[in-house]
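> Need coordinates for the below:
(one chain, ligands or ions: 2)
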Amino acid sequence: MRFQTVSILTAASLASALTPQGFTPGSQNQLFVQYGNQAALNGQVIPRDSTQVQPTLATTQRLQGTYAVIMVDLDIPTDTAGQTNTLLHWLQTGLTSSAQATAFNTTGGTTQSNGQVFLLQNRQNAAPLASYIGPNPPARNPLSHRYTFILVDHSSISTQGLNALTTAAQTRIGFNTQDILTQAGLASRVVAGNFYNVTNPGPAGADNGNGGVGGGVQGTPTDGNLQATGTNTFIQPDASGNVQAAGVVTVPRVGIASLCVGLVSALIWAF
Ligand SMILES: *[C@@H]1O[C@H](CO)[C@@H](O)[C@H](O)[C@H]1NC(C)=O
Ligand SMILES: *[C@@H]1O[C@H](CO)[C@@H](O)[C@H](O)[C@H]1NC(C)=O
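Ligands and ions are numbered 1, 2, ... in the order given. Below you'll find the model as predicted:
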């Protein structure tokens, strides 16, 4: 039944990919992404403030099986001018299709659905492998970032594959979707995709990726006062693993060693 559903989706493919050009594994089937009433589809530019709470997801067909959504920013600035990196924003497994079709904002979607779609729901309340981080592109080039989503069937993932996915989700920066799905045995299981843009109004900082305006990390980890300077935003997980945007991170003295490991891996200058 699952394979039947997938082949129907494939047959409905459109000429243009719904994931950004050059992104692999791409998809030509629409994953509907909606924030509140706001559709976020097909490379549209969406206001940052609309995107801070995780979106609802849907497909035009009811899917059998269990799915994961992966959301990746393809355009995070680096300190090397002209080079970008990727950042994992969300990895949630355990999604299943709703039994009944639901009205949805499909404005801008390329698939005709008359606004009736099947929601992807986390009915078993599976914990995210990477919790949702809202888009927040900094004032650095590129000012506009592509937030790319793929929906992957993980119904038949092996224990080893799940371990690979779980481990990979712990390193958000440099997330290579193709490699990680290959490691997880899921590279051929992508069934839908989407992307939208969020744009910082700019102007881009004078450094444009050379590290000047962004400043850096100051202080030594042992003094309990690791601070970021400059205007860049970055992320810091709080005690419950939630990620917050902040201007300055102050690391408490308690548990400094383990906090610093977590902080360094989570400290992203731009996302
Ligand atoms: C649907 O989303 C579009 C933008 O994607 C927005 O302009 C429109 O107002 C939304 N419609 C509803 C009914 O919320
Ligand atoms: C979306 O972002 C990409 C990468 O920065 C950029 O090339 C493209 O022009 C943007 N699209 C829009 C509509 O802003």
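> how about stretch 88-108, does it reach ligand 2?
No. Stretch 88-108 does not reach ligand 2 (Cβ under 6 Å from any ligand atom); its nearest approach is 11.8 Å. All C-beta spots, glycine's among them, are computed from the backbone N, C-alpha and C.
> residue contacts, residue 47?
residue 198 (Cβ atoms under 8 Å, 6 or more residues apart in numbering).
> Wait, residue 23 touches residue 147, no?
No. Using Cβ atoms under 8 Å, residue 23 is not in contact with residue 147, being 11.4 Å away.
> Between the two, point out the one with more neighbours.
residue 147 (27 against 19; other Cβ atoms under 10 Å).
> Count the residues that sit near whichever residue of the stretch 151-271 of the chain sits closest to ligand 1.
In the stretch 151-271 of the chain, the residue that lies nearest ligand 1 is residue 196 (8.8 Å; Cβ to the nearest ligand atom). Neighbour count of residue 196, defined by other Cβ under 10 Å: 25.
> tell me which parts of the stretch 51-200 of the chain are close to ligand 2?
Contacts of the stretch 51-200 of the chain with ligand 2, taken as Cβ under 6 Å from any ligand atom, map to 75, 142, 144-146, 197, 199.
> before we move on, the earlier item: shared neighbours, residue 23 and residue 147?
Taking Cβ under 8 Å, 6+ apart as the contact rule, residue 23 and residue 147 both touch residue 195.
> Need the nearest residue in space to residue 144, chain neighbours excluded.
Using Cβ to Cβ, 6 or more residues apart in numbering and skipping the chain neighbours, the partner closest in space to residue 144 is residue 199 (4.2 Å).
> Give me the below-cutoff pLDDT ranges for the stretch 151-271 of the chain.
Scanning the stretch 151-271 of the chain for pLDDT under 70 picks out 206-271.
> Now do the same contact list for the residue of it at minimum distance from ligand 2.
Using Cβ to the nearest ligand atom, residue 197 is the residue of the stretch 151-271 of the chain that sits closest to ligand 2, at 3.7 Å. Shown in contact with residue 197 (Cβ under 8 Å, 6+ apart): 43-46, 144-147.
> Now with 7 Å, please.
Listed by Cβ atoms under 7 Å, 6 or more residues apart in numbering, the contact partners of residue 197 are 43-45, 144-146.
> same check, this time on residue 53
Going by Cβ under 7 Å, 6+ apart, residue 53 touches residue 35.
> sec struct for it, please.
Secondary structure, DSSP: H, G, I helix; E, B strand; the rest coil: residue 53 is coil.
> Out of the residues of the stretch 51-200 of the chain next to ligand 2, list just those in strands.
Counting by DSSP state E, these place 75, 144-146, 197, 199 in strands.
> Separate out the buried members of those.
Neighbour counting with 16 or more other Cβ atoms under 10 Å marks 75, 145-146, 197 as buried within those.
> ok, those vs ligand 2, which is closest?
Here the nearest of those to ligand 2, counting by Cβ to the nearest ligand atom, is residue 197; it sits at 3.7 Å.
> May I have the beta-bridge partners of that closest one?
Beta-bridge partners for residue 197, by DSSP bridges, are residue 45, residue 146.
> Could you report the separation of it from residue 114?
For residue 197, the distance to residue 114 (Cβ to Cβ, to the nearest Å) stands at 26 Å.
> And for residue 144?
Plainly put, residue 144 is 31 Å away from residue 114 if you go by Cβ to Cβ.
> for residue 187, same thing?
Look at residue 187 and residue 114: by Cβ to Cβ, they are 33 Å apart.
> correct me, but residue 93 touches residue 127?
No. Using Cβ atoms under 7 Å, residue 93 makes no contact with residue 127, being 8.9 Å away.
> more neighbours, those two?
residue 93 (22 against 10).
> can you tell me the helix or strand for that one?
Element membership of residue 93, judged by DSSP states H and E, is strand 84-97.
> next SSE after that strand?
On the C-terminal side of strand 84-97, the closest following helix or strand by DSSP H and E is strand 102-103.
> strand partners of the helix or strand that that next one is followed by, parallel vs antiparallel please.
For strand 102-103, the following helix or strand on the C-terminal side (DSSP H and E) is strand 116-121. Strands adjacent to strand 116-121 in the sheet, as given by DSSP bridges, are strand 56-59 (antiparallel), strand 84-97 (antiparallel), strand 102-103 (antiparallel).
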